[in-house]
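Peer 1: Sequence plus predicted model, see below.
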Amino acid sequence: MNIKGEWTTGSHRLLRELVKTMKSDEDDRLDLSVDHRGAPHLMVRDMVTGSSIEIKGRYLRRADYTQRIREKRPQYLLEALLMEIINHNLNRITEEERRQFWQDLRGWMRDKIDSNTWSQWVSKHEDRLESISKLLDKHLKYEHKRQSGHTLIEMEDVVQERHAKINSNLVEGWAEPEEEEQWTL
C-alpha cells in the first residue's frame, strides 16, 4: 500500500485504536459461527495535512471452529519415568547395593556422557524411544479450544494521495485575513 504524503505524527496509533474498536463492534454484532463477506471501501484523511488514501477490497472471515489439541507433554516426563523404573527395581535390593548402584551410575555418567555418546544412544534406541514417546502421548488428554476463523483480504489503493486546496478566487465572499491574529481564536 502506498501512503505518499505527509501524515501527522501519531496518526497510526489513532487508527490502531479505531480498528480495535471496530473489530470489537463487528465481533459483537456478527454471528461468528458462520462465514462473513464484505466489500469495504474507505477513505482515510489526515485533517491537518490533507493527505488521504482511498482503499477498497474484498473481505472474507471464515466461521469460528473448535480445535482438538493434545495436552502438552509435561517437562521431564521421560526422566521421571526412568526414575520410577529405577526406584521400582532398586526396591528389590539391599540398601548397600542401592548405594553402590548410585555410585556406579554417577561414575559411569561422568566417564561416558558426551555429545558423541548421546547421538549413538539415540540412533541405537531410536525405535524404542519412538515407541515410548507414542505410548506417553497416547495417555495425554485432549482439550477443545475455540479458534477464530481465518480471515482473507484482497485490497487495492484507489487513489494514492490527495491534498485538498481551495482556490480563493473561485469562492465568493472569500477574504484572506490581512493579519496573522485574525487566523487565531
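Peer 2: Now that the structure is in, tell me what you want to look at. Numbering: from 1, shown residues only.
Peer 1: what's next to the lowest-mean-pLDDT helix or strand in the chain, contact-wise?
Peer 2: Lowest by mean pLDDT, DSSP states H and E among the helices and strands of the chain is strand 151-159, with a mean of 78. With contacts defined as CB atoms under 8 Å, 6 or more residues apart in numbering, strand 151-159 is touched by 1-2, 41, 52-62. C-beta: built from backbone N, CA, C; applies to glycine.
Peer 1: if you set the cut-off to 10 Å instead, what comes out?
Peer 2: Under the criterion CB atoms under 10 Å, 6 or more residues apart in numbering, residues 1-4, 36-43, 52-62 lie in contact with strand 151-159.
Peer 1: And these, which of them are buried?
Peer 2: 3, 52-55, 61 (16 or more other CB atoms under 10 Å).
Peer 1: can the residues you listed go into CSV with extra columns for distance to residue 154 and secondary structure?
Peer 2: Below are these laid out as CSV (distance: CB to CB, whole Å; DSSP: H, G, I helix; E, B strand; the rest coil):
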residue, distance to residue 154, secondary structure
3, 18, coil
52, 21, strand
53, 17, strand
54, 16, strand
55, 11, strand
61, 13, strand
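Peer 1: out of those residues, which one sits closest to residue 113?
Peer 2: Closest to residue 113 out of these is residue 61 (53.1 Å), distances taken as CB to CB.
Peer 1: Can you give me the domain assignment for this protein?
Peer 2: The chain breaks down into these domains under automatic domain parsing: 11-68+146-166, 74-140.
Peer 1: still on that earlier bit, and the least confident helix or strand of the chain, which strands flank it?
Peer 2: strand 52-61 (antiparallel) (DSSP bridges).
Peer 1: in the next helix or strand along the chain from the strand it pairs with, what's buried?
Peer 2: Next helix or strand after strand 52-61 toward the C-terminus (DSSP states H and E): strand 65-70. By 16+ other CB under 10 Å, strand 65-70 has no buried positions at all.
Peer 1: Which strands border strand 65-70, and is each parallel or antiparallel?
Peer 2: strand 142-147 (antiparallel).
Peer 1: how about the CA coordinates for the strand it pairs with, as CSV?
Peer 2: Extracted in CSV, the C-alpha atoms of strand 142-147 (Å, rounded to 0.1, in the frame of the first residue of the first chain):
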residue,chain,number,x,y,z
TYR,A,142,-7.1,-33.6,24.6
GLU,A,143,-8.6,-30.2,25.1
HIS,A,144,-11.1,-28.5,22.9
LYS,A,145,-10.1,-24.9,22.1
ARG,A,146,-12.2,-22.3,20.3
GLN,A,147,-10.3,-20.9,17.4
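Peer 1: Let me see the residues that make contact with that strand.
Peer 2: So strand 142-147 is contacted by 32, 62, 64-72 (CB under 10 Å, 6+ apart).
Peer 1: how far does stretch 106-124 sit from the chain's center?
Peer 2: A distance of 38 Å separates the centroid of the chain from that of stretch 106-124, by CA atoms, centre = their mean, to the nearest Å.
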